[in-house]
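1. okay, here's the prediction I keep looking at, along with the sequence it came from:
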Amino acid sequence: MTKNSLKNDKNITPIPSWLKRPIGKASELSTVEKIIKKRKIHTICEEGRCPNRGECYSKKTATFLLMGPTCTRSCAFCQVDKGHEPMNLDPQEPQKVAESVKLLGLSYVVLTSVARDDLEDGGAQWFFNTMTAIRTLNPQTQIEVLTPDFWGGKEREISQKQRVSTVVAAKPACYNHNIETVQRLQGPVRRGAKYERSLDVLHWVKEIDPTVPTKSGLMLGHGETEAEIMTTLKDLRKVKCDRLTLGQYMRPSFAHLPVQKYWTPEEFDKLGKIARSLGFSHVRSGPLVRSSYHAGEEH
């Protein structure tokens, strides 16, 4: 489907009532926004237009987006900026994030990033540096990471596994890497990523340090079947993935993939029960669930 055909798509299903959330009071959002903007750092809450950002900001929580707001990938579901050269790394970013964590009084923080295929290590050392900076100012704060797959091409001197190892060495409270969708839909949904490659990331984390909990998530609504979801959940359990999130894909714009189906809250409840029966230790399954939503409540 071309970009123009997406714009002319007349068969648009209205967003169901269960996906509508209040924006939140300006006074409750301003504290986080001021801290972020003053330091010129980024959150996935804003760059990804998360539907829960009002709730999270009102509770003084945010998921920090490292290494700038521009991604080197071009996933068809994601709102994050892409399509041009990513910005240079800000050498002060780890310290700025650490200061923000302290100002917000966070006991649990999630760090994610855009994909940076332009960097020799894909940004793995940047995760390590930011975690170190946070712990220096906030020794009691637990840190969850949500990383890209760190694939940089076969010619790179630093292998994908070595990159994952760099992050694992910093001992995150949880290592999250999202598989996003079922195997059949990886190509059209996750351009530049592969199903097996994502499973490898989760497998390597457990191989390197079995004590680090792992987590993954799917955005439903791309045309997957329940049988395909079950296969994906079983594949995640085969690589000893501990935690799972299941949420509804919401089309950010007409330039993104259209929603094929809005899964109901009842269907999400059913999938969540099945996931728990497969052995996932923590499961969040619901239309508005996102990777880091209430993440601190899982540890």
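-> Great, that's in hand. Numbers count the residues shown, from 1 in each chain.

2. C-alpha from now on. contacts and neighbour counts both.
-> Fine.

3. for the stretch 151-299 of the chain, which segments count as helices?
-> 160-168, 186-189, 195-208, 226-238, 265-277 (DSSP state H, counting those that start in this stretch).

4. can I get those in a markdown table with distance to residue 42, mean pLDDT and mean neighbour count?
-> A markdown table is the format used below for the helices of the stretch 151-299 of the chain (distance: least, Cα to Cα, whole Å; pLDDT from 0 to 100; neighbours: other Cα atoms under 10 Å):
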| stretch | distance to residue 42 | mean pLDDT | mean neighbour count |
| --- | --- | --- | --- |
| helix 160-168 | 20 | 97 | 20 |
| helix 186-189 | 24 | 90 | 16 |
| helix 195-208 | 25 | 98 | 19 |
| helix 226-238 | 30 | 98 | 16 |
| helix 265-277 | 30 | 98 | 16 |
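
5. what's the closest of these to residue 141?
-> helix 160-168 (16.7 Å; Cα to Cα).

6. just want the angle from the closest one to helix 195-208.
-> On the basis of axes from the mean of the first three to the mean of the last three Cα atoms, to 10 degrees, helix 160-168 is oriented at 50 degrees to helix 195-208.

7. helices and strands around helix 160-168, which ones?
-> Under the contact definition 3 or more Cα pairs under 8 Å, 6 or more residues apart in numbering; DSSP states H and E, helix 160-168 sits against helix 124-137, helix 195-208.

8. quick one: the helices of the stretch 151-299 of the chain as JSON lines, columns for distance to residue 179 too.
-> Below are these laid out as JSON lines (distance: least, Cα to Cα, whole Å):
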{"stretch": "helix 160-168", "distance to residue 179": "15"}
{"stretch": "helix 186-189", "distance to residue 179": "9"}
{"stretch": "helix 195-208", "distance to residue 179": "6"}
{"stretch": "helix 226-238", "distance to residue 179": "9"}
{"stretch": "helix 265-277", "distance to residue 179": "15"}
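
9. for residue 176, which of those helices is the nearest?
-> Closest to residue 176 of the helices of the stretch 151-299 of the chain, according to Cα to Cα: helix 195-208, at 8.0 Å.
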